[in-house]
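Undergrad: Sequence below, structure please.
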Amino acid sequence: MKLSEFYETEKSLNKAVNAFRESLKIYMLDKHPANYAVMQSNLCSAYITLAGFKDTGENLIKAVSACEDALKVYTVDRYPVNYAAVQTNLGSAYMGLAELHNKEDCLSNAISAYKSSLGVYTVDKYPAEFAKAHKNIGNACKSLSESSVKRTT
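TA: Residues are numbered from 1 along each chain as shown. Below is the predicted model:
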């Protein structure tokens, strides 16, 4: 990626975040819960991507918060696929945060989120997502074990 493309991508992500936040002035939880959840989910994705460009920790914390807000609407009973997708994003945000601080807590939270997605992502109905969730759990467990080994040596 050329430097100019890097800056354009970051600029576009900032515009996306601003647009999603602006829409939340109308799509409030109590009045438009489904649209609220969509915007929170979009914010989460944008913050995770933006974390790769700048303010990594701050953007990942914002991503976690957006996921938690989306999950106020996206329950496993009412919106199972959306619930699972947000849980996957939540796991990804915690995986990124684990590189910055509270490694064991963040990895445990990531594992929990990925496992929650498996309530929906079954091998029969969503084999690719099922496999990805297990891969993510495996990566988080591996990182957790490496963290434990470093602590004991």
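Undergrad: In space, not sequence, find me the middle residue of the chain.
TA: residue 89 (2.4 Å; Cα atoms, centre = their mean).
Undergrad: now the host helix or strand of it: mean pLDDT?
TA: Taking DSSP states H and E as the criterion, residue 89 maps to helix 80-98. Taken as a whole, helix 80-98 carries a mean pLDDT of 98.
Undergrad: picking up where we left off before, for the residue nearest to the centre of the chain, which residues are in contact?
TA: Residues in contact with residue 89 (Cβ atoms under 8 Å, 6 or more residues apart in numbering) are 41, 44, 45, 48, 63, 67. Just so you know, the C-beta spots here come from the backbone N, C-alpha and C atoms, and that holds for glycine as well.
Undergrad: what's the distance between it and residue 98?
TA: Distance, residue 89 to residue 98, by Cβ to Cβ, to the nearest Å: 15 Å.
Undergrad: and if you look at residue 82?
TA: Distance of residue 82 to residue 98, given as Cβ to Cβ: 25 Å.
Undergrad: Count the neighbours of the nearest residue to residue 34 once chain neighbours are set aside for me.
TA: Once flanking residues are discounted, residue 34 sits nearest to residue 73: 6.6 Å by Cβ to Cβ, 6 or more residues apart in numbering. Residue 73 is flanked by 21 other residues according to other Cβ atoms under 10 Å.
Undergrad: Provide the secondary structure category for residue 73.
TA: For residue 73, the assignment made with DSSP: H, G, I helix; E, B strand; the rest coil gives coil.
Undergrad: residue contacts, it?
TA: 29, 33, 34, 36, 37, 40, 79 are the contacts of residue 73 under Cβ under 8 Å, 6+ apart.
Undergrad: Narrow those residues to those in strands?
TA: Applying DSSP state E to the contacts of residue 73, no entry is found in strands.
Undergrad: Show the buried residues in the residues you listed.
TA: 36, 37, 40, 79 (16 or more other Cβ atoms under 10 Å).
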